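**Student:** Just the structure for this:
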Amino acid sequence: EDLTVPSLSRLTAVGRTDDPASVRVAVERDGREMIYDASLLVAADGGRSAVRTLLDAPASVHDYGRRAVVASVSLAPAPGARTAYQRFLPRTGGPLALLPLHGERAGVVWSCTPEHSDHLRSLSDAEFVALLNDTLARPPAVTLPSLADLVPASLSPLHMLAHEAERLARSVGEGGSLSS
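**Tutor:** Presented below is the predicted three-dimensional model:
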């Protein structure tokens with residue numbers, strides 16, 4: 001039987017059942033706890049995985065020494081506004097991507113060194129947009145839409161999180177049990 005856990009639910013516990021081929025999870029939503037048994041639990045809940053945390057499963061982290069400055073911009077109406085662009089910028093430590101969103105908006109992801117991210121974050125919105133326009137318009141020349149305004153940028157460290165799959169599976173098998 002297929003199982004769909006309602007959105008906005010929070011995983012509160014993971015454990016085993018009497019059946020060694022099954023796992024039991026507890027999920028909370030709107031103050032109500034629901035218990036589910038399943039033959040497969042997929043931990044696809046991101047780098048800060050609740051599944052991995054509840055199982056106390058090991059993971060190794062490799063820091064790339066880069067940061068991602070992420071912003072949303074308005075595009076001036078122009079041909080090509082629905083096209084994704086990317087510039088590889090070795091001198092700033094990584095690529096700059098302009099990714100179309102809905103309407104006349106685009107997402108900006110600028111991967112760079114921590115020093116360059118500090119510089120980008122120190123710029124006013126107008127200076128940041130001017131630098132984006134200048135950087136994206138450099139050769140090889142393509143017609144790009146101009147960036148009109150900026151939603152404040154956020155900063156995210158770039159790293160790889162590798163789960164040890166075999167030990168994660170064993171954690172479920174060796175974990176405590178939940179009663180329903």
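
**Student:** and P90, how far is that from D125?
**Tutor:** 26 Å (CB to CB, to the nearest Å). No exception for glycine: its C-beta is placed from N, CA and C like everyone else's.

**Student:** same question but for S39, I mixed them up
**Tutor:** Distance from S39 to D125, by CB to CB: 51 Å.

**Student:** neighbour count winner among those two?
**Tutor:** Higher neighbour count among S39 and D125: D125, with 14 against 8, using other CB atoms under 10 Å.

**Student:** P95 reaches R87, doesn't it?
**Tutor:** Yes: between P95 and R87 there is a contact under CB atoms under 8 Å: 6.5 Å.

**Student:** tell me what the biggest helix by length in the chain is packed against?
**Tutor:** Counting residues, the longest helix found in the chain (DSSP state H) is helix 125-136. Here helix 125-136 touches strand 59-75, strand 85-89, strand 94-100, strand 147-163, going by 3 or more CB pairs under 8 Å, 6 or more residues apart in numbering; DSSP states H and E.

**Student:** The residue nearest the centre of the chain is in what secondary structure piece?
**Tutor:** By CA atoms, centre = their mean, the chain has its centre lying nearest to G46, at 7.1 Å. For G46, there is no enclosing helix or strand under DSSP states H and E.
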